[in-house]
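In: this one's sequence-less:
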């Protein structure tokens, strides 16, 4: 039983340290779709969070370059140390799939 608790605590710690970024171009035809997707996600998943990054900003451009993003919108699920856990480029994941990776408050 003790080992099972260690696995559960470890899994919980991993889940708590994941971050999700949606990288997009605010001045493109997909911008409205991105904003609607994030709005719907936040409405459905009230305790889960995603962060929008505009590729036209310094932070967004650096993140896109660092993770070799070539298609927008892109969704990145990252571990706390910055490793890619999952990514989607040019498409959106299902809401429940994104919720798995999105950090909780």
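Out: Received it, and whenever you're ready, just let me know what you need. None of the values given here were measured: they were computed from a predicted structure. Numbers count the residues shown, from 1 in each chain.
In: so what's the backbone phi/psi at residue 21?
Out: Main-chain torsions, residue 21, degrees, to the nearest 10: phi -120, psi 140.
In: What mean pLDDT does stretch 59-78 get?
Out: Regarding stretch 59-78, the rounded mean pLDDT is 95.
In: buried set for that stretch?
Out: 60, 63-64, 67, 69, 72-78 (16 or more other C-beta atoms under 10 Å). Placement of C-beta: from N, CA and C, glycine included.
In: Stretch 85-95 now?
Out: 87-88, 92-93.
In: Out of these, which two sit at the greatest distance?
Out: With C-beta to C-beta as the measure, no two of those lie farther apart than 87 and 92, at 12.0 Å.
In: Show me the common contact partners of those two, please.
Out: Residues touching both residue 87 and residue 92 (C-beta atoms under 8 Å, 6 or more residues apart in numbering): residue 75.
In: From residue 47, how far out is the nearest residue to residue 69 once chain neighbours are set aside?
Out: Once flanking residues are discounted, residue 69 sits nearest to residue 23: 5.6 Å by C-beta to C-beta, 6 or more residues apart in numbering. Distance, residue 23 to residue 47, using C-beta to C-beta, to the nearest Å: 23 Å.
In: who's more crowded, the two?
Out: A count of neighbours by other C-beta atoms under 10 Å puts residue 23 above the other of residue 23 and residue 47, at 25 against 10.
In: Strands of this structure, residue ranges please.
Out: 19-24, 48-49, 51-54, 74-78, 84-89, 103-104 (DSSP state E).
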